[in-house]
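Student: what follows is a protein structure lacking sequence information:
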Ligand SMILES: Nc1ncnc2c1ncn2[C@@H]1O[C@H](COP(=O)(O)OP(=O)(O)O)[C@@H](O)[C@H]1O
Ligand SMILES: [Mg+2]
């Protein structure tokens, strides 16, 4: 069943061998049906129907049910080897569920490009909420957080949910990839009243120079470092920022012991956005 793990890691063309015991065969078939659907949706240029979630999550629910039945059946046989394997499939299914959620978020960004409702959004409020929500991880790793607001106006013309998603991806990455005792710095600048610039930097393992563009590609994961992830976070962020007529770049910072993300958005007063 290591194919399930591969699917969970984003190798969507992998399939599970469908032989063996009846219940296992049924499970393997359902997994393959689900993988077919995920792959089709990802490859399809029009991956965007409201049915997507239903289409993928239905077989996923069936898999969970089949797994539950199997778990019960095997419980009586007292075979720790097999139950361990079932538990690990269960974990992989959770990962696939998470992956499906991320793929949907990613695909949704294309759909909402022209339709999402934008209002004046206070980014400072969003950013502080995100940091607050991550305070357990921050304390656990002993990270130092430094925020600087060099402007009174921290609002932009945006969709609040999308901005929350973007900054929660960026800030949770900064926390995830910082070593224990490291630091995260965020500064907010207002450039000529036309652009709002947000800089986020964190301590991290040095990144090769050719990686700074690659990290925005869907499914690209550089420093796995025992961390959980799908490699879709920054791809989602980039789409959100682009949908708001902005840009995001990554570069090395301070002799490559930090990474710097710079987000440039049109200022609310710039008149660039209707
Ligand atoms: N703040 C950061 N510090 C160091 N490396 C980062 C940071 N954010 C992203 N990366 C690198 O970019 C890759 C892609 O990030 P992302 O798309 O969010 O995927 P994920 O978090 O699922 O690994 C990460 O695997 C990591 O190598
Ligand atoms: Mg991430």
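Tutor: Perfect, I can see it now. The structure displayed is predicted, hence computed values, not measured ones. Numbers count the residues shown, from 1 in each chain. Ligands and ions are numbered 1, 2, ... in the order given.
Student: so where is the protein shaky, pLDDT-wise?
Tutor: 1, 42-54, 111-115, 191-192, 223-226, 270-274 (pLDDT under 70).
Student: nearest residue to the residue of it found nearest ligand 2 in space, please, no chain neighbours.
Tutor: Nearest residue of the chain to ligand 2, counting by C-beta to the ion: residue 233, 2.8 Å away. Placement of C-beta: from N, CA and C, glycine included. With sequence-adjacent residues excluded and distances taken as C-beta to C-beta, 6 or more residues apart in numbering, residue 233 is closest to residue 169, at 4.3 Å.
Student: repeat for residue 177
Tutor: That would be residue 204: by C-beta to C-beta, 6+ apart, it lies 4.8 Å from residue 177.
Student: returning to that earlier point: what's the local residue count around the residue nearest to residue 233?
Tutor: Applying other C-beta atoms under 10 Å, we find 21 residues neighbouring residue 169.
Student: what's the spacing between it and residue 162?
Tutor: Applying C-beta to C-beta, to the nearest Å, the value for residue 169 to residue 162 is 11 Å.
Student: would you map the helices across the protein?
Tutor: 2-8, 22-43, 52-75, 80-111, 123-133, 135-141, 160-177, 211-214, 233-243 (DSSP state H).
Student: got the end-to-end distance for stretch 180-194?
Tutor: Terminal residues of stretch 180-194 are spaced 37 Å apart (C-alpha to C-alpha, to the nearest Å).
Student: hmm, who's touching it?
Tutor: Contact partners of stretch 180-194, identified using C-beta atoms under 8 Å, 6 or more residues apart in numbering, comprise 123-124, 127, 138, 141-151, 153-154, 171, 174-175, 178, 196-204, 264, 266-267, 269-270, 272.
Student: same thing with stretch 92-112?
Tutor: 1, 4-5, 7-10, 34, 38, 41-42, 47-48, 52-53, 56-57, 60, 63-64, 67, 159, 162, 165, 218, 230, 232-233, 235-236, 239-240, 243.
Student: and the buried ones among the residues you listed, selectable in PyMOL?
Tutor: This is how PyMOL selects the buried members of the contacts of stretch 92-112, with burial counted by 16 or more other C-beta atoms under 10 Å:
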select buried, resi 1+4+5+7+8+9+10+34+38+41+47+48+52+56+57+60+63+67+159+162+165+218+230+232+233+235+236+239+240+243
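Student: show me which residues of the stretch 51-200 of the chain sit near ligand 2.
Tutor: Residues of the stretch 51-200 of the chain lying near ligand 2 by C-beta under 5 Å from the ion: residue 173.
Student: returning to what we had before: the residue nearest to residue 177 and residue 247, how far apart?
Tutor: For residue 204 relative to residue 247 (C-beta to C-beta), the value is 21 Å.
Student: between the two, who's got more neighbours?
Tutor: Neighbour totals were compared for residue 204 and residue 247, and residue 204 leads with 22 against 13 (other C-beta under 10 Å).
Student: OK, contacts around that one?
Tutor: Per C-beta under 8 Å, 6+ apart, neighbours of residue 204: 177, 178, 179, 182, 223, 257, 258, 259.
Student: which of those residues lies closest to residue 23?
Tutor: residue 223 (39.0 Å; C-beta to C-beta).
Student: about what we covered before: check the contacts of stretch 180-194 against ligand 1, which are close?
Tutor: 174, 202, 204 (C-beta under 6 Å from any ligand atom).
Student: may I have the phi/psi pair for the last one?
Tutor: Main-chain dihedrals, residue 204, degrees, to the nearest 10: phi -160, psi 170.
Student: so residue 160 touches residue 119, yeah?
Tutor: Yes - if you go by C-beta atoms under 8 Å, residue 160 and residue 119 touch, sitting 6.9 Å apart.
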